[in-house]
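# Okay, sequence plus prediction incoming.
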Amino acid sequence: MAAAAISLPRSPPLLQPTRRRPAPPACTHSERGVSFDPGSAFYRSDSAAGRDLAVLAATLHRCRGRPDPSAPFLCLDAMCGCGVRALRYLAQAGADFVWANDASEALRPVILANLARFERSSPAAEAGRRSWVVSHNDATRLLSERYLRREYFDVIDVDSFGGDAAYVRAALLALKIGGLLYLTSTDWRSARGYGSRSSLSSYGAYVRPMPYPNEVGLRMVLGGAAREASLLGFHITPIFSYFAYHGPIYRVMVQLCNGKDDGISNYGFICHCKSCGQSQTFGFDELGQISCGCTDRTDADSITVVGPLWTGPLHDASFLTEMLSLANEWGWACTIENGVTLEKLLGMMIEESDPRLPPGYIRLDEISRRAKVNSPPLGTLINSLRKEGFSACRSHIGANTIKTNCPIASCINVARDIRNLR
Ligand SMILES: C[S@@+](CC[C@H](N)C(=O)[O-])C[C@H]1O[C@@H](n2cnc3c(N)ncnc32)[C@H](O)[C@@H]1O
Ligand SMILES: [Zn+2]
């Protein structure tokens, strides 16, 4: 990441009330000190953690991640609902300009009233340029128009419903190289393997039920973005991948990087064997060899294969570490908001970023069932696996699960050791 030319704000800047406009209506909601009114828009307070993560990442990107940190910082919120994200990108991430768009024209008064809490023309914005605009287009059309006009953004946020990914290519085209794209899917059916046709058409991945379906969901969205970026001659790096149970919602923040990478090392197939519980990844060059050493190769039912999808790390540990320190600096890290503590969440994500960890996680009760012992305490199992030289941590996705590069047969032995049964 480029060295900082601007120091990070010690606390997120607060809104300056507009002098010339009439006072906005009374606010019914507030997120981290920013007040707004959701009106009739779709708004979930449960999604505040997803917005916190976006603001932290965008702020770091503005200050430290761009080749020219003094250039105007431009954000586009393609499905803005009431405009809460747009408002937070302006007020907290220090955006010089935010484009707030929602297909529904009926939301215009709500969005305008919320953004009116922020000066429409800021000194930092270019002469004659506003610091925010509101439009009502289909997201793909809006993003394509920005690309055709060569208007590129530092952060593009598409907080969509369902699993439609039609806008991904247009979003990548309208993003600056090095910019951040924040994608959302709420299509849990596809992620969990009950909508293979739609996962195939949206993300190019054939998904079947797996023991870690919500991690597969994140990898499906990342894989789709990686494929689209590769088609355009770029590649992506995941900044963070966040699964939230409410919804459920799969969110990934990726950085667009110049040039194609090899295109296969982080993009392939995940195979799970029901007989022994072991998972493995396979590349395109190993397609004919997918099997598990434990099983009778004629028993096709014991093997589940999903993909192609993202098989590399879910997050960037150094970026997340900076997000955590910014959250601490702003006093956001240790508060419990809608049941989420950022310190705990980001801490788990940092541990999950270990590149030695393969895709997937193992449920503690599966280990105890196979080991025929009572479940060992999660922390004890993780420490024992680390002592044996393996990478092991909790998963932010599933309670009572571990991510590890230890083969399941050895996990079973370690669990028995903990219970003194070996
Ligand atoms: C999940 S809500 C957005 C919530 C908001 N981003 C937030 O954080 O509170 C999705 C929004 O996308 C809008 N929408 C749906 N399809 C769209 C499309 N094709 N283009 C633009 N907006 C769309 C809907 O009107 C809805 O307000
Ligand atoms: Zn097996």
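Nice, I can see it. Ligands and ions are numbered 1, 2, ... in the order given.
# Quick one: neighbours of the closest residue to ligand 2 within the stretch 301-422 of the chain, just the number.
Proximity of the stretch 301-422 of the chain to ligand 2 (C-beta to the ion) peaks at residue 302, 6.8 Å away. Where you see a C-beta, it was placed from the backbone N, CA and C, and this is true even at glycine. Neighbour count of residue 302, defined by other C-beta atoms under 10 Å: 16.
# Let me know the pLDDT of the residue positioned nearest the centre of the chain.
When C-alpha atoms, centre = their mean is applied to the chain, the residue found nearest the centroid is residue 252 (2.1 Å). For residue 252, the model assigns a pLDDT of 98.
# likewise residue 26?
On pLDDT, residue 26 comes in at 68.
# Residue 227 too?
At residue 227, pLDDT is 94.
# For the residue lying closest to it once chain neighbours are set aside, give its distance to residue 162.
The shortest distance from residue 227 to any non-neighbouring residue, by C-beta to C-beta, 6 or more residues apart in numbering, is to residue 204 (5.3 Å). Distance of residue 204 to residue 162, computed by C-beta to C-beta, to the nearest Å: 17 Å.
# So for these two, which residue has more residues nearby?
residue 204 (18 against 14).
# got the contact list for the more buried one?
Contact analysis of residue 204 by C-beta atoms under 8 Å, 6 or more residues apart in numbering lists 223-224, 227, 308.
# And residue 156, by the same measure?
By C-beta under 8 Å, 6+ apart, the neighbours of residue 156 are 75-76, 78, 143, 171, 174-175, 179-182.
# The residue nearest to residue 185 when sequence neighbours are not counted: what secondary structure?
Residue nearest to residue 185 in three dimensions, not counting chain neighbours: residue 250, with 4.5 Å by C-beta to C-beta, 6+ apart. Using DSSP: H, G, I helix; E, B strand; the rest coil, the structure places residue 250 in strand.
# Run a quick neighbour tally on residue 250.
28.
# what does residue 303 give?
17.
# Show me what it is bridged to.
In this entry, residue 303 is beta-bridged to residue 273, by DSSP bridges.
# List the contacts of it.
Applying C-beta under 8 Å, 6+ apart, the residues near residue 303 are 271-274, 290-292, 295.
# now these as CSV including neighbour count, distance to residue 90 and pLDDT?
Output for the contacts of residue 303, formatted as CSV (neighbours: other C-beta atoms under 10 Å; distance: C-beta to C-beta, whole Å; pLDDT from 0 to 100):
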residue, neighbour count, distance to residue 90, pLDDT
271, 20, 46, 96
272, 23, 44, 95
273, 19, 50, 94
274, 14, 50, 92
290, 13, 49, 90
291, 17, 54, 88
292, 19, 52, 89
295, 17, 56, 63
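# Quick check: phi and psi on the nearest residue to residue 306 once chain neighbours are set aside?
Among residues not flanking residue 306 along the chain, residue 207 sits closest, at 4.9 Å (C-beta to C-beta, 6+ apart). Note on residue 207: backbone dihedrals following degrees, to the nearest 10 are phi -120, psi 130.
# got the contact list for residue 207?
Residue 207 sits next to 190-193, 195-196, 199, 216, 220, 306, 309 when contact means C-beta under 8 Å, 6+ apart.
# Look up how far ligand 2 lies from it.
20 Å (C-beta to the ion, to the nearest Å).
# Which pLDDT does the model give that residue?
95.
# Who are the contact partners of residue 382?
By C-beta under 8 Å, 6+ apart, residue 382 lies in contact with 392-394, 402, 404.
# The same query, at a cut-off of 10 Å, please.
351, 376, 390-394, 402-404 (C-beta atoms under 10 Å, 6 or more residues apart in numbering).
# Assign it to one of the three secondary structure states.
helix.
# how far away is it from residue 334?
Distance of residue 382 to residue 334, given as C-beta to C-beta: 23 Å.
# what's the answer for residue 367, then?
32 Å.
# and if you look at residue 327?
In terms of C-beta to C-beta, residue 327 sits 9 Å off from residue 334.
# list the residues that contact both of these two?
341-343.
# Sketch out the low-pLDDT regions of the stretch 51-200 of the chain for me.
122-128 (pLDDT under 70).
# give me that answer again for 50
Counting by pLDDT under 50, not a single residue of the stretch 51-200 of the chain qualifies.
# Could you give the residue of the stretch 151-300 of the chain that lies closest to ligand 1?
residue 159 (3.5 Å; C-beta to the nearest ligand atom).
# Residue 41 is in contact with that residue, correct?
No: counting by C-beta atoms under 10 Å, residue 159 does not reach residue 41; the two are 11.3 Å apart.
# In terms of neighbours, single out the busier of these two.
residue 159 (24 against 19).
# Could I get the buried residue list for the lengthiest helix in the chain?
Looking across the chain with DSSP state H, the single longest helix is helix 213-231. Using 16 or more other C-beta atoms under 10 Å as the test for burial, helix 213-231 gives 213-230.
# Run through the neighbouring helices and strands of it.
Counting contacts by 3 or more C-beta pairs under 10 Å, 6 or more residues apart in numbering; DSSP states H and E, helix 213-231 packs against helix 168-173, strand 175-185, helix 188-191, helix 196-203, strand 234-244, strand 249-258, strand 267-273, strand 303-310.
# circling back: of all the contacts of residue 207, which comes closest to ligand 2?
residue 306 (16.0 Å).
# so who does that closest one touch?
193, 196, 199, 205-210, 213, 216, 219-220, 223, 269-272, 359.
# swap the cut-off to 6 Å and go again
For residue 306, the contacting residues are 207-208, 216, 270, by C-beta atoms under 6 Å, 6 or more residues apart in numbering.
# what do you get for residue 324?
Contacts of residue 324 (C-beta under 6 Å, 6+ apart): residue 346.
# Apply 7 Å and report the result again.
When contacts are counted by C-beta atoms under 7 Å, 6 or more residues apart in numbering, residue 324 touches 333, 343, 346.
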